[in-house]
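> got a predicted model here, sequence first, then my questions.
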Amino acid sequence: MTDDELIWRIAGGSGDGIASTSQNFAKALMRSGLHVFTHRHYPSRIRGGHTYTEIRAREEPTKSRGDGYNFLLALGDSFARNPQDNAYYGKEEIKPLSENLDELREGGVIVYDSGLLDPSEIPNFDERVEENGWHVFDLDLRSLAREHGREVMRNTAGVGVTCAITGFDLEYVETLMRDAMKESILEPNLTVLEEAYEMVQEEYDVDAPDVSVPTGEHDEEQLLMSGSDAIAYGAIDEGCRFIAGYPMTPWTEVFTIMSQNLPELGGISEQVEDEIAAAALAIGASHAGVKAMSGSSGGGFALMSEPLGLAEMTETPVVLVEAMRAGPSTGMPTKPEQGDLEHVLYTSQGDSNRVVFAPGTVAEAYDASRKAFHFAYEYQIPSIVVYDQKLGGEMVNVPKSHFDRDPNPTLGSTLTEAELEDAPHSEDGKFSRFRHDTPEDNGVSPRSIPGQKGGRFLATGNEHMPQGHISEDPDNRVIQMDHRMQKLASIREELDSDPESSAQTYYGEDDATYGIMTFGSQQGTVEEAVSRLNDDGHSVKSIGVTDMMPYPEQEVTEFIESVDEVLVVEMNASAQFRGLTQKELGRFGDKLTSLLKYNGNPFEPAEVVDGFKENILGEEDLPQHQTTSVPAAGD
Amino acid sequence: MSAFNAIDDEREIDREEFTPALEPQPTWCPGCGDFGVLKALKQAMPEVGRTPEETLLVTGIGCSGKLNSYFESYGFHTIHGRSLPIARAAKLANPGLEVVAAGGDGDGYGIGGNHFMHTARENHDMTYIVFNNEIFGLTKGQTSPTSPMGHKSKTQPHGSAKQPLRPLSMALNSGASYIARTAAVNPNQAKQILQEAMEHDGFAHVDFLTQCPTWNKDAKQYVPYIDINESDDYDFDNTNREEAAEMMFETENKLHEGEVLTGRYYVDSDRPSYQQEKQNIGEMPDEPLAERYFDEDYEWERSYDMFLDKHA
Ligand SMILES: Cc1ncc(C[n+]2csc(CCOP(=O)(O)OP(=O)(O)O)c2C)c(N)n1
Ligand code: SF4
Ligand SMILES: [Mg+2]
């Protein structure tokens, strides 16, 4: 257990302002020179229901949650339902203090708002405090907030108390509040913050707990950013100026960020009647010469299935993002899962022909978003960025320099009117937009845009001849299919041509004995697990795969071949990523063991560590977790 | 300098330009009303003054959806029911285009009904032609949303138990600013109505009665028709919403009593188009967005310069 880190959990009710308070505090910690990583847990409710945000702050780079936490700020759920006999939800009000209390580390700190919470409702509270050596601070934050400001400011009071106990310089928090708050609420908030700070300093023994904010220093400017921010900024930097969407958690975040920023960029955002329309609008805008995107989460993405196929057939560039949440159906709207991988890879009729990226970190989300546009527009193919609520919502610090890159607004493989003059046409002047005899048939024939002179053609979801007229001629059919399917091979070739810019992320020593594979948002957690296993004397490395389609055959083959056995970690119940890997590589079924989790919460490092020990090393009597293992074939 | 020089190209236009050399002859059944739409559209284009290369004809799926196979222009033959969202986005991307969407009654009032409602509501500056043959033509004659009650088909062997949908009333209630009905058997009126629809600044809906002699044998050939704007029997003001609503209601009833009423039912020339509304609130650029990608002098913004400070 390392306590050279702060893992601060602020818990309350949905609607109590936990999110903004924690975001500000995370930023204050980042500004002080620390690496931060946040984890959000919230119910699918507007008001009430236990919600918390956890901030892990360390001197070293921080890619995942830690195990448990060492500081709990329990604020009370001001929108909790009244307890009633037989109601399944029990007593909601106390949950910010009672839920997951066992995960509080030995010697940890509990600050709770005694104005709202009564620990006598928690079984054996005092004994547990004693056993674990917890330090409890019962403070009437509500009264304090009322006295110096307003009741809602008890979050601020909680932050003041936190600073006093952990020895964190109030100045960082105050500066942030000055930047972020309106004049009218700034003064009372500052007063509440300082009063709380002083009260604790004066009346309590703040030095008793061995929990403090570490110190650190960044060697370059950092930004606090979420995966959703990064995806949106990647799109903007690729010249995307059109988005159409329909709200659905958690994709709504990307949609919102784009909608707020596009007007300033002279772009267009459209909230439309449904997701079929949303995808269709993005296709229509792209067809007419604008870089466009849409997106949704599982259910909405299902509605985009047919338009997606239309983009494939008409070779229309478009970028879609899919923010996975626990399914099937409405599932658990605010819980992350990686169960839509096969959905995004294969949905829509016919052979699927699309690019799919699953970035593993916030910085990678920016890169993946940019690459998605690049490949969509250069190769005239739909690109999908698939992520989940975990990556979308977690805030981490990323060096600002990561984003200091040139914009790339090109429409890709598109002709100008001058170029159209020399392009092939039918005898009467219809542009052969779907020609398949381009010199280096890489699957791309440059397109024209409606309104251009000399560019008229027909786009159709039916099979078609070069000018777009419908044709069921078998020879033409085979040529056109091969032409379209060639795109993925060409894209793989481009991706492989520069190993330096591989999107696969490797961690650990090259010559390690064992491997762990994962995709998307679990990458950081897996890497943390690898560190711990190696610290324990094991020999393990990992690969976080981002390219789902076209699959990085060569890289993954090399990785699997270089180790004795591989544990494949993913957040779904049917081992979709392992299935994809076996399908693409055509082998290794006897070398890949799955570790799955689908209870609505992402993996924690300890779960991966124990899953590895149990499944790969055959250790017994390990702590039990809500994970499932599927042995390799033949095991 | 525009990258789209077909747009606003001032030149003589011949209606024969709209016949594709690659597929000059439609495959519709002899006597099909769809021919009437094609002919009227080809005739209207030179009157509107738009050339094939500044026109984007977006269609759905059905016999009707084949329209752009037989009409020379930029075309997008989409998927069943989805012509409108694709068409309206193209118009937002490049308002200089003449955007026309077209499809069947099943396509537009059934599977795409939600898009019809919302595109009308938003009043996009475009024209929407619905080939209303009161039947699913392409899939061999099943009952459609406009089939009359009692209409028998292979999938409704005992006759439809449903009241037909009221397309004109639906357009009005949804917010369309130009609403007309015409019929394939009435070529002059059809051409004029299509011309007016394209010239109208806003969402123009044309319910185009197209007989299907193959699957809808019982149905009248939509003759004789009455032009309500010309007939002395009907006196109403088609700029008045209440009067328009009443006239539509009567027209929709009469169709099933064997009387074919056609004409312009509602014309609202004052309502700003969606494009204008969006520009008014600062959410749509004045210059067509599509031009920007061809403008070599445009200084493309970066998130780095514009949005990242708030994350520091
Ligand atoms: C999603 C989907 N469902 C069903 C079909 C099959 N289908 C093609 S056209 C059509 C109905 C055509 O009727 P209508 O829209 O009235 O056009 P018409 O042929 O009468 O002109 C149907 C059901 C399809 N192509 N796509
Ligand atoms: S089936 Fe009916 S609608 Fe289709 S082409 Fe034949 S007559 Fe026309
Ligand atoms: Mg029909």
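Perfect, thanks for sending it. Ligands and ions are numbered 1, 2, ... in the order given.
> per-residue confidence for residue B:219?
You'll see residue B:219 listed with a pLDDT of 59.
> to clarify, my last question referred to residue A:460.
pLDDT, residue A:460: 98.
> find the nearest non-adjacent residue to it, please.
Distance criterion C-beta to C-beta, 6 or more residues apart in numbering or on different chains; nearest residue to residue A:460, sequence neighbours excluded, is residue B:77 at 3.7 Å. C-beta coordinates here come from the backbone N, C-alpha and C atoms, glycine included.
> contacts only, for that neighbour.
A:458-462, A:470, B:59, B:61, B:65-66, B:68-69 (C-beta atoms under 8 Å, 6 or more residues apart in numbering or on different chains).
> quick check: bridge partners of it?
With DSSP bridges applied, residue B:77 shows beta-bridge pairing to residue A:460, residue B:59.
> give me the buried positions along the strand or helix carrying residue B:172.
If you go by DSSP states H and E, residue B:172 is part of helix B:167-174. Neighbour-count burial for helix B:167-174 flags B:167-172, B:174 (criterion: 16 or more other C-beta atoms under 10 Å in any protein chain shown).
> nearest to residue A:191 among those?
residue B:174 (54.0 Å; C-beta to C-beta).
> look up how far ligand 3 lies from the closest one.
20 Å (C-beta to the ion, to the nearest Å).
> any idea how far residue B:100 is from that residue?
19 Å (C-beta to C-beta, to the nearest Å).
> quick one, what contacts residue B:312?
So residue B:312 contacts A:221-224, A:400 (C-beta under 8 Å, 6+ apart).
> so which helix or strand takes in the closest residue in space to residue A:360 that isn't next to it in sequence?
Spatial nearest neighbour of residue A:360, excluding adjacent residues (C-beta to C-beta, 6+ apart): residue A:523 at 3.1 Å. Per DSSP H and E, residue A:523 falls inside helix A:523-535.
> direction included, what does the least confident helix or strand in chain B by mean pLDDT pair against?
Ranking every helix and strand in chain B by mean pLDDT, DSSP states H and E puts strand B:225-227 at the bottom, with a mean of 93. Note on strand B:225-227: by DSSP bridges, its sheet partners are strand B:260-267 (parallel).
> which strands or helices does the helix or strand following the partner strand pack on?
Reading on from strand B:260-267 to the C-terminus, the next helix or strand found by DSSP H and E is helix B:274-280. Other elements packing on helix B:274-280 under the criterion 3 or more C-beta pairs under 8 Å, 6 or more residues apart in numbering or on different chains; DSSP states H and E are helix B:83-93.
> ok, which stretches of the stretch 1-150 of chain A are strands?
Secondary structure of the stretch 1-150 of chain A (DSSP state E, counting those that start in this stretch): strands located at A:6-13, A:35-41, A:50-58, A:69-76, A:104-113, A:135-139.
> quickly note the distance from residue A:395 to residue B:172.
Distance from residue A:395 to residue B:172, by C-beta to C-beta: 49 Å.
> if we can go back for a sec, got CSV for the buried residues of helix B:167-174, with pLDDT too?
Formatted as CSV, the entries for the buried residues of helix B:167-174 read as follows, by pLDDT from 0 to 100:
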residue, pLDDT
B:167, 98
B:168, 98
B:169, 98
B:170, 98
B:171, 98
B:172, 98
B:174, 98
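> list the contacts for residue A:57?
Residue A:57 is in contact with A:5-8, A:26, A:29, A:34-36, A:213-214, counting by C-beta under 8 Å, 6+ apart.
> what sits against residue B:47?
B:191, B:195.
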